[in-house]
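Student: Okay, sequence plus prediction incoming.
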Amino acid sequence: MPKLNTLRLTLTAICAGMLSALSPAQAEETVHLYNWNDYFAPNTLQEFQKQTGIRPVLDLYDTNDVLEAKLFAGKSGYDVVFPTSRPFGARQIQAGLYQPLDKAKLTGLDKMDPAVMASLKELDPDNAHLVPYLLGTTGLGINTAKVKEALGEGAATDTWAILFDPAQAAKLKGCGISMLDDATEAFAAALAYLGKDPNSRSEADLAAAEKVLKDARKNIRYFHSSQYIGDLANGDLCVAHGYSGDILQARSRAAEANKGVAVGFNIPKEGAVLATDVMAIPKDAPNPAAANAFIAFILQPAVIAEITDNVKYANANTAATPLVAESVRTDPGIYPAAAVKEKLIVLKTPKDKEQRNLNRLWTRIKTGR
Amino acid sequence: MKALLAKLHLRDRHLSRALNIGTPYLWLGLFFLLPFAIVLHISLAETALAQPPYTSLWQWVDDGILQIRLNLPNFITVFSDDLYLAAFLNSLWVALVCTVACLLIGYPMAYAIATAPERHRIVLLMLIILPFWTSFLIRVYAWIGILGPSGLLNNFLMWLGAIDTPLTILHTQTAIYIGVVYSYLPFMILPLYANLTRLDFSLLEAAADLGCRPFKAFLKVTLPLSLPGIVAGSMLVFIPVVGEFVIPDLLGGPDSLMIGKILWTEFFSNKDWPLAAALAICLLGLLVVPFVLMQRLENRIGGDEL
């Protein structure tokens, strides 16, 4: 219901599949993709099939956890996956879940933003396994009219306080607040709100963040990682803690529906998590050659620019930036200004025990125990 | 010659008997005991950053010594952390509430179908079974559209003027009750119907002839005779609901702590397969007890009938 884009994509993939099923019998090559919901342009897969003759098959997920569980179980059957580099990609490389890229065939890799490549090198020596796909931030989606009504004219909305300050959140509770169901994101936001290091795992800092989140909980309608897209667009939520592109897609959908819902996206001034999603080929991918071909296709500036235009996430391809629509290129929610960029949070990879502890705290917070 | 044939015949009979008895056991072994053994094996392992994400229980050290490490802390964690106990208890509570609700709604429906004229029965049964033709997931999703703040129900009530602000039903435990009762009602109705159609209604006439009022006759005759149907229906609802994941995930809110969701967190967010497996083993233990008790009850009822 909320995932019109997803539906459209799936239908496209199915139609593409049916069309090719009708064409004369030849040993048909397929590439199995496992990507986030709403993360390709509507024509991306069709265009790939037209260029290469390889039939793409797409499955979708809405949290890194599901992807990671499938990769760890092994024999996922996917050729290209799109994990978030930190902490997921880093951990998956440590566990040896990916195979090295065939870089000789990846022309265009040299056009990638050197800063992004350098950042990835910290977890992936020689950039051997991961290719940057899209970049986004985690911030606040806002139903501008309803928030103004609840908080009053001129109240600041570019702050985590609207989520974590009990006085403000209580006023917004009635029209609905949602948070991502993700321990790392939730704690990073709470620690940033407190002015502490968002990567801190010290007991005192975690206890302080836990208190903030526990107090916030009673004002939160639900914890979910994709449902807010539709609810924001319909006006069923007034504040959503979510991924930049998802919120901006909700903004576009609200504008298309033209029912008087206006959605805004704000990067909180205390700092927000910067996520780099990457492409990688699982170790046991059935068709690594086709996977390489798909990554090479995405490296084409025109292709990735089209994706950025549609899904509202920035890309790391310097050759593609001029091809991105101007309204998108100049949107501070998609391509943040330099001053905002400095405050963005780059997550560290926690130890297994730390992650476990964090998830445990998170379950307690969510269930109010 | 005759003796030989008889012998062969006897052997044949033994063989077919062995096959008859063996098949269910083979089924049980292949689809229950084997998976159970695998889960038990994982529950005794340790987590590891590898594929698969747990350690092997045994390894050969030199000189042909087989070393087996059984890791019990997973079970200790399950019992010492009150989160799991709370989740188990809430799951049992939800299952109990929903089973009773299904029984209260399902019994009259099953009774009405069983006593309806023969030609109507098939249509009524179809109406119960027809929703199965739509995917379970889509039917649960539909409830999001019905129960949401700007959903069908709230819009309808506001149109009627019964309420001014939307009721918060979606993302609460109430939404789980509604979703579960809706989804599992047929599992209550069908066994009850099967039982009630076999009911000898002349017994009720006899009761009436002897001066028993209809309600008392229902309590004294119909209800006890339909007990096997009630037990079967209740088990079909109760047992899967305890471990239900999809409905609480889609309709429930942050408060609704259910063991299915906890299992998901351990498996997906924590990548702790051993702990998830230990939880699954405990859940199984928890469900086997009421199952055995009900089986006993059923046997006793069956014994009485003879």
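Tutor: Now that the structure is in, tell me what you want to look at.

Student: So residue A:76 belongs to a helix, correct?
Tutor: No - using DSSP: H, G, I helix; E, B strand; the rest coil, the assignment for residue A:76 is coil, not a helix.

Student: Now do the phi/psi pair for it.
Tutor: Backbone torsions for residue A:76, taken as degrees, to the nearest 10, come to phi -70, psi -20.

Student: again, but for residue A:61
Tutor: Backbone torsions of residue A:61, given as degrees, to the nearest 10, read phi -140, psi 160.

Student: Over to the nearest residue in space to it that is not next to it in sequence: give its phi and psi.
Tutor: Closest residue to residue A:61 apart from its sequence neighbours, by Cβ to Cβ, 6 or more residues apart in numbering or on different chains: residue A:67 at 5.3 Å. Just so you know, the C-beta spots here come from the backbone N, C-alpha and C atoms, and that holds for glycine as well. The phi/psi pair for residue A:67 (degrees, to the nearest 10) reads phi -60, psi -50.

Student: give the contact list for residue A:67.
Tutor: A:34, A:61, A:81-83, A:88 (Cβ atoms under 8 Å, 6 or more residues apart in numbering or on different chains).

Student: Roughly how far does it sit from residue A:200?
Tutor: Separation of residue A:67 from residue A:200 (Cβ to Cβ, to the nearest Å): 27 Å.

Student: Now do stretch B:119-131: distance to the chain's middle.
Tutor: 23 Å (Cα atoms, centre = their mean, to the nearest Å).

Student: Please disregard the earlier target; I meant stretch B:168-177.
Tutor: Offset of stretch B:168-177 from its chain centre (Cα atoms, centre = their mean): 20 Å.

Student: Stretch B:195-203 now?
Tutor: Counting by Cα atoms, centre = their mean, stretch B:195-203 comes out at 27 Å from the chain centroid.

Student: Please work out the average pLDDT along it.
Tutor: On average, the pLDDT along stretch B:195-203 is 90.

Student: any idea how far residue A:354 is from the residue nearest to residue A:61?
Tutor: Distance of residue A:67 to residue A:354, computed by Cβ to Cβ: 21 Å.

Student: which ones are touching the residue of the stretch 201-350 of chain A at minimum distance from chain B?
Tutor: Residue nearest to chain B within the stretch 201-350 of chain A (Cβ to the nearest Cβ): residue A:222, separated by 4.6 Å. With contacts defined as Cβ under 8 Å, 6+ apart, residue A:222 is in contact with A:178, B:171, B:253-254.

Student: Relative to residue B:104, how far out is the residue nearest to residue A:61?
Tutor: Applying Cβ to Cβ, the value for residue A:67 to residue B:104 is 43 Å.

Student: Check residue B:9 too.
Tutor: For residue B:9, the distance to residue B:104 - Cβ to Cβ - is 55 Å.

Student: With residue B:270 instead?
Tutor: According to Cβ to Cβ, residue B:270 and residue B:104 sit 39 Å apart.

Student: quick one, phi psi at residue 60?
Tutor: The chain I'm using is chain A. Residue A:60 adopts backbone torsions of phi -130, psi 150, taken as degrees, to the nearest 10.

Student: you looked at the wrong chain, it should be chain B
Tutor: Per degrees, to the nearest 10, the backbone of residue B:60 is at phi -90, psi 120.

Student: Looking at strand pairing, list the partners for it.
Tutor: In this structure, residue B:60 bridges to residue B:66 when assessed by DSSP bridges.

Student: Just give me the neighbour total for it.
Tutor: 9 (other Cβ atoms under 10 Å in any protein chain shown).

Student: Quick check: it vs chain A, distance?
Tutor: The gap separating residue B:60 from chain A is 23 Å, by Cβ to the nearest Cβ, to the nearest Å.

Student: How about residue B:41?
Tutor: 15 Å.

Student: does that residue really touch residue B:57, like I thought?
Tutor: Yes - with contacts counted by Cβ atoms under 8 Å, residue B:41 reaches residue B:57, the gap being 6.2 Å.

Student: Got the domain ranges for chain A?
Tutor: A:4-135+A:276-334, A:137-273+A:345-367 (automatic domain parsing).

Student: Which of those has the lowest mean pLDDT?
Tutor: Averaging pLDDT over each of the domains of chain A puts domain A:4-135+A:276-334 lowest, since it has a mean of 89.

Student: residues touching the closest residue to chain B within the stretch 51-200 of chain A, list them.
Tutor: Residue of the stretch 51-200 of chain A nearest chain B, by Cβ to the nearest Cβ: residue A:65 (4.0 Å). Contact analysis of residue A:65 by Cβ under 8 Å, 6+ apart lists B:268-269.

Student: Am I right that it sits in a strand?
Tutor: No - according to three-state DSSP, residue A:65 belongs to no strand; its state is helix.

Student: so residue A:140 bridges to which residues?
Tutor: Per DSSP bridges, residues listed as beta-bridge partners of residue A:140: residue A:241, residue A:266.

Student: In contact with it, which residues are there?
Tutor: So residue A:140 contacts A:157-158, A:160, A:162-163, A:239-242, A:247, A:265-266, A:268 (Cβ under 8 Å, 6+ apart).

Student: and these as CSV, adding neighbour count and distance to residue B:282?
Tutor: Shown next, in CSV, are these (neighbours: other Cβ atoms under 10 Å in any protein chain shown; distance: Cβ to Cβ, whole Å):
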residue, neighbour count, distance to residue B:282
A:157, 18, 46
A:158, 18, 47
A:160, 23, 39
A:162, 25, 41
A:163, 26, 36
A:239, 30, 39
A:240, 29, 36
A:241, 27, 34
A:242, 28, 35
A:247, 28, 40
A:265, 26, 44
A:266, 21, 45
A:268, 25, 42
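
Student: between those residues, which is nearest residue B:177?
Tutor: Nearest to residue B:177 among these: residue A:240, at 26.7 Å, using Cβ to Cβ.

Student: related to what we said a few turns ago, what is the nearest of the contacts of residue A:67 to residue A:101?
Tutor: Using Cβ to Cβ, the contacts of residue A:67 come closest to residue A:101 at residue A:81, 13.0 Å.

Student: so what's that closest one bridging to?
Tutor: residue A:34, residue A:280.

Student: My understanding was that it contacts residue A:280; is that so?
Tutor: Yes - Residue A:81 is within contact range of residue A:280, at 5.8 Å (criterion: Cβ under 8 Å).

Student: Kindly report the residues of chain A close to chain B.
Tutor: Where chain A comes near chain B, counting by Cβ under 8 Å from any Cβ of the partner chain, the residues are A:1, A:63, A:65-66, A:68-69, A:71-74, A:91, A:94-97, A:174, A:176, A:183, A:217, A:220-223, A:234-236, A:283, A:352, A:355-356, A:359-360, A:363-364, A:366-369.
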